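Undergrad: Give the three-dimensional model of this entry:
(4 chains)
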Number of protein chains: 2
Amino acid sequence: MEDNGILLETLIGIFTIEHSKIKVLLTRRSEEPYKGYWSLLGNDLAFNETLENNVTDVVIEQAGLSNVNVEQCHTFSNLDRGLEDRKIAVTFIGIIDSKTVELKRQQNSYELGWFDIEDIPKTGFDHDYLINYMIDFLKKKLLNIASLKLLFPSDFSLPELQKVYEQILDKNLDRRNFRKKLLSLDLIEETGYFNEGYSGRPAKLYKFKSLSDEGDLF
Amino acid sequence: MEDNGILLETLIGIFTIEHSKIKVLLTRRSEEPYKGYWSLLGNDLAFNETLENNVTDVVIEQAGLSNVNVEQCHTFSNLDRGLEDRKIAVTFIGIIDSKTVELKRQQNSYELGWFDIEDIPKTGFDHDYLINYMIDFLKKKLLNIASLKLLFPSDFSLPELQKVYEQILDKNLDRRNFRKKLLSLDLIEETGYFNEGYSGRPAKLYKFKSLSDEGDLF
DNA sequence: GCAAAAGTGTTACTAGTACACCCATGC
DNA sequence: GCATGGGTGTACTAGTAACACTTTTGC
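TA: Numbers count the residues shown, from 1 in each chain, chains lettered A, B, ... in the order given. Below you'll find the predicted structure:
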């Protein structure tokens, strides 16, 4: 067959929330090409594995994370995206909450960094383009309540949640209306704890009720 | 590299509306394996083409169609989906209006058939699974007004449109409310013509206004 | 006490839902 | 004239949008 020579790779953008900002996990390249540049995590596909197996391994081995919700995003096949070889990228997005990130943070041989999606560093290959595609994909996905719960499993405040939605929707929301909407959905309940240690009045912390609910928030 | 031997194929489900029913275009296989079964249109990927180029050629050569709106759907990489080779499928959905289908219908060497998505015939390979995935993907896409315009470029009646949405949403809609909603969006206008030749009162025909509008209908 | 951020209620407007009768055509 | 399917209006309900002052904390 003619497609001998076409290589397949997976590339995953793992997203979390840190201090009410959407962040993506990148790794710094330690080798040429693009040595010193940041890039998405990923791996070439082996003959006897599925894309999903491959990307699960990437998450564990390169990011040192588990419990990441992974979903396929898009497949890119431009002729010029590999440097020497013909290379097709199947991209994924991963979602994980920041508390699990803290717990699972461990040393491995990769230099990793979380970057605000509004402030992505210089990346190698076409990853800048892919990251922007992933961000659009993520934003659509996060309009759904089930996805939101992946980012905020517990102990979040409504102002935090609101700031994330303001990034997704790219507009400011009214605090009272936002609160009213969320509480009226009967999805969340107070934990009784407060978000202390910041300036200003401490915010009440909430958690999702165990009964799962689907549907879009906006 | 290890992925020598992994073949890539494109597979496309082309959708249209015929008599208010959503239909998908399949071809009957003239050779083994699965000789006599129906299957999606598609082709193996060559070294020097993108997935999008490949699928555009499939549409022209196998379906005999042009003016099809094509969008990438999902990439399937199960180890057992090829029969002898390892084969990964990148799937696409295509949308075309029925009038263009009529105009472009031409003879080629492929036996083609349009099938109601509620009544798909026996298909080869894993295409039954892929078709169902595509149908879900299509339904989400058709909630958007821009996609709807691809199916109904002109001279459609509101009852026709309503029947399509009833299939997408899988519930019955009230005629008066549907009409009120569509007219209130200021998207469509009467053509002055009527849908004659059917039993009952002829329906007014509409067309979309030239100003494009985005957003979701439901 | 002052700066910072969170919590709270009411009103007006807009969109969605429910529902029953008349109209135009073919036979 | 009757069967078929299309067109129309109103009342009710729910959701969204606009808007300002008070509360709790850290310093």
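Undergrad: residues near A:Q62, how many?
TA: Using other CB atoms under 10 Å in any protein chain shown, the number of residues around A:Q62 comes to 20. The way it works is simple: take the backbone N, C-alpha and C, and place the C-beta from them, glycine included.
Undergrad: again but with A:K21, I slipped
TA: Neighbours of A:K21 under the rule other CB under 10 Å: 16.
Undergrad: who does the closest residue in space to it that isn't next to it in sequence bridge with?
TA: Nearest non-adjacent residue to A:K21, counting by CB to CB, 6 or more residues apart in numbering or on different chains: A:D116, 5.0 Å away. Per DSSP bridges, the residues bridged to A:D116 are A:K23.
Undergrad: Spit out the contact partners of A:D116.
TA: Taking CB atoms under 8 Å, 6 or more residues apart in numbering or on different chains as the contact definition, A:D116 lies against A:21-23.
Undergrad: same check, this time on A:K209
TA: Counted by CB under 8 Å, 6+ apart, A:K209 has contacts A:186-189.
Undergrad: any idea how far chain B is from it?
TA: Going from A:K209 to chain B by CB to the nearest CB, to the nearest Å gives 27 Å.
Undergrad: re the thing from before, would you mind giving me the PyMOL syntax to select the buried ones in the contacts of A:K209?
TA: In PyMOL syntax, the buried subset of the contacts of A:K209 is picked out as below (16 or more other CB atoms under 10 Å in any protein chain shown):
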select buried, chain A and resi 187+188
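Undergrad: How is chain A divided into domains?
TA: Structural domains annotated on chain A: A:2-142, A:150-208, as defined by automatic domain parsing.
Undergrad: per-residue confidence averaged over the last one?
TA: Rounded to a whole number, the mean pLDDT of domain A:150-208 is 95.
Undergrad: Show me how far it is from its chain's centre.
TA: 19 Å (CA atoms, centre = their mean, to the nearest Å).
Undergrad: Same question for the longest one.
TA: Using CA atoms, centre = their mean, the mean C-alpha position of domain A:2-142 is found 9 Å from that of the whole chain.
Undergrad: Below-threshold pLDDT in chain A: ranges please.
TA: A:1-4, A:106-107, A:212-214 (pLDDT under 70).
Undergrad: max-length strand in it?
TA: strand A:6-18 (DSSP state E).
Undergrad: What helix or strand is A:W114 located in?
TA: strand A:112-116 (DSSP states H and E).
Undergrad: Please report how far the residue nearest to A:K21 lies from A:T16.
TA: According to CB to CB, to the nearest Å, A:D116 and A:T16 sit 11 Å apart.
Undergrad: Which residue is it, in chain A, that comes closest to DNA strand C?
TA: The nearest approach of chain A to DNA strand C comes at A:G200, 2.2 Å away (CB to the nearest atom of the strand).
Undergrad: in terms of contact count, name the helices or strands touching the helix or strand hosting A:E166.
TA: In this assignment (DSSP H and E), A:E166 forms part of helix A:158-169. Helices and strands touching helix A:158-169, by 3 or more CB pairs under 8 Å, 6 or more residues apart in numbering or on different chains; DSSP states H and E, are strand A:21-28, helix A:127-142, helix A:175-184, strand A:203-208.
Undergrad: and among those, the most buried is which?
TA: strand A:21-28 (a mean of 20; mean count of other CB atoms under 10 Å in any protein chain shown).
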